[in-house]
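J.: here's my sequence, what's the structure:
(one chain, ligands or ions: 1)
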Amino acid sequence: MMRAPGSALRASACVASAGMLLVSCTGNQAGLNPHGPIARSIATHSWALLAACVVVYLVVMIALFVAIGRRRRDSDDRPETTVRLTRNVSIAVALTVIILLGIAASSVIAGRGIYSPSGAGAITVDVVGHQWWWDFQYHDITPSDVFTSPNELHIPVGVPVVLKAMSTDVIHSFWVPNLMGKRDLIPGMITNTWIQADEPGVYRGQCAEFCGHQHAHMALNVVAEPMDKFQVWIRHQREPAPQPATDQERRGRDVFMQSPCVTCHAIRGTDAGSHVGPELTHVASRLTLAAGTLPNARGHLAGWIANSQSIKPGNRMPPNALAPADFQALLAYIRSLR
Ligand code: CUA
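T.: Residues are numbered from 1 along each chain as shown. Sure, this is the predicted structure:
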C-alpha cells in the first residue's frame, strides 16, 4: 500500500525531532549533557519540569477519558454528590498550587546556582563580544602580562572562573551548554557570570542571541585543563610572539607590517598593536579560525586571508590581493605564531 506523502513527512519529522532530542542528551554543545555545576543544576531543573509536566498531563488525560466514558447516573443530582465533587475540585486546585510552588522552588534553586560561584573564583576573565567573534581578556596586576585569547577560553578544571561579559557593538549571548547557561553581553554594560568544568575537555559554545548576518558563525571553544597544564598555557600566552626563524617567515613579517593586516591586528613583540580584530600573537596555537568556523590548518588560513568574505560574508576583514610569493611568506609567518 502506498503511503501518503504527508504521513511520510510527519514520520521523518518525528525521527528528526527524536534524533535532535537524543543529540541534546549526549553531545558536545548539549545542555542535557552537563559537565559542570551550573549546567548540572539547569539540567536537573529541566528534568524535574519535564517529569512534573508528564505526570500532570497523564493524570489529566486519564481523568478526561474516564469522564467522557462515564454514563450519567440518578445519584449525580443528589446534594452529597455535589459536596463530593466540590471536595475533589478543591483537592485538584490544592495539588496544582503545590506543584507550581515546587516548580518555583526548583527554579529558584537552579537560579541561585547560576548566579553565585560554588567557591572563590580562581581567575577573572573578560568576555567581549564583537560582530562576529569573541575576545577573552586575561588580566594580571602586571600590565605586560595581560593578554587576549580570541575565540578560545582556557579554564582550569574543578574551580570556578568568574566571567565579566561586555559587548562592543550589539547584544550577543555567551552560551556553553555543557558548562553553563546563557548570559547576554550588552553594549555599555558589564554582566557577570561564571563557568566551571568538572573534567578536562574541549566544550563548544555559541552565541545565543541573533546579532546579525554571521550570528551562526560566532562560536567558541572552552578548553578545560588540569591546573598545571593551564598554568603552562597562561605562561606561554603571556610571552610575546616568537621571532621568525626562516627567511620566508621574516619576509612574511615584513609583508604583514606593510599590508592592511597591521591596521586591525595586534602581534605582541612587534609594532602591530591594533585591537580592531583578533590578536594574532599565538594564533597558530588555537584550535579554530574565524570564531569556530574553520579548523586551524594552513589551507583554511590561506583561504581566509585571501578572501574571508567568501567564507563568512559581511565580516570586517577585506580580501587581500598579494603577490603569490608574498602570500606564501605571510602564511608561513602567521603559521609560525605558535
Ligand atoms: Cu553574537 Cu549572535
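J.: can you classify the residue lying closest to residue 127 once chain neighbours are set aside as helix, strand or coil?
T.: Closest residue in space to residue 127, ignoring its immediate chain neighbours: residue 165 at 4.4 Å, by Cβ to Cβ, 6 or more residues apart in numbering. All C-beta atoms are positioned from the backbone trio N, CA, C, and that covers glycine. Secondary structure, DSSP: H, G, I helix; E, B strand; the rest coil: residue 165 is strand.
J.: residue 100 and residue 51, how far apart?
T.: 15 Å (Cβ to Cβ, to the nearest Å).
J.: what's opposite the residue nearest to residue 127 in the beta bridge?
T.: residue 127, residue 191 (DSSP bridges).
J.: contacts only, for it.
T.: 126, 127, 128, 129, 174, 183, 184, 185, 190, 191, 192, 193 (Cβ atoms under 8 Å, 6 or more residues apart in numbering).
J.: can you list the buried residues in stretch 261-269?
T.: 261, 262, 264, 265, 266, 267, 268 (16 or more other Cβ atoms under 10 Å).
J.: now tell me what touches that stretch from outside.
T.: So stretch 261-269 is in contact with 147, 240-241, 243, 256, 271-281, 316-317, 320, 330, 337, going by Cβ under 8 Å, 6+ apart.
J.: quote the end-to-end distance of it.
T.: Between the opening and closing residues of stretch 261-269 lies a distance of 16 Å (Cα to Cα, to the nearest Å).
J.: cool, and stretch 312-331?
T.: Stretch 312-331: ends 19 Å apart by Cα to Cα.
J.: one step back: nearest to the ligand among the contacts of residue 165?
T.: Distance to the ligand, by Cβ to the nearest ligand atom, is smallest for residue 129 among the contacts of residue 165, at 5.7 Å.
J.: the closest residue to that closest one other than its chain neighbours bridge partners, please.
T.: Spatially, and ignoring its direct neighbours in sequence, residue 129 is nearest to residue 172 (3.4 Å; Cβ to Cβ, 6+ apart). Counting by DSSP bridges, residue 172 forms beta bridges with residue 185.
J.: residue 320 versus residue 172, what's the distance?
T.: 27 Å.
J.: neighbour count winner among these two?
T.: Per other Cβ atoms under 10 Å, whichever of residue 172 and residue 320 has more neighbours is residue 172, with 31 against 17.
J.: CA atoms of stretch 226-243 as PDB?
T.: Provided in PDB are the C-alpha atoms of stretch 226-243 (Å, rounded to 0.1, in the frame of the first residue of the first chain):
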ATOM      1  CA  PRO A 226      44.200  20.500  34.900                       C
ATOM      2  CA  MET A 227      45.700  23.400  36.800                       C
ATOM      3  CA  ASP A 228      49.300  22.700  35.900                       C
ATOM      4  CA  LYS A 229      48.600  22.500  32.200                       C
ATOM      5  CA  PHE A 230      46.500  25.600  32.400                       C
ATOM      6  CA  GLN A 231      49.400  27.500  34.100                       C
ATOM      7  CA  VAL A 232      51.800  26.300  31.300                       C
ATOM      8  CA  TRP A 233      49.300  27.700  28.800                       C
ATOM      9  CA  ILE A 234      49.000  31.000  30.700                       C
ATOM     10  CA  ARG A 235      52.800  31.400  30.800                       C
ATOM     11  CA  HIS A 236      53.100  30.700  27.100                       C
ATOM     12  CA  GLN A 237      50.300  33.100  26.100                       C
ATOM     13  CA  ARG A 238      51.900  35.900  28.200                       C
ATOM     14  CA  GLU A 239      55.100  35.700  26.100                       C
ATOM     15  CA  PRO A 240      55.500  37.900  23.000                       C
ATOM     16  CA  ALA A 241      55.200  36.300  19.600                       C
ATOM     17  CA  PRO A 242      58.100  34.000  18.600                       C
ATOM     18  CA  GLN A 243      60.700  35.600  16.300                       C
END
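J.: which parts of it are buried?
T.: Neighbour-count burial for stretch 226-243 [16+ other Cβ under 10 Å]: 230, 233, 234, 237, 238, 241.
J.: what's the burial count for residue 294?
T.: Count around residue 294 with other Cβ under 10 Å applied: 18.
J.: oh, that last question was meant for residue 314, not what I typed.
T.: So residue 314, with other Cβ under 10 Å, has 11 neighbours.
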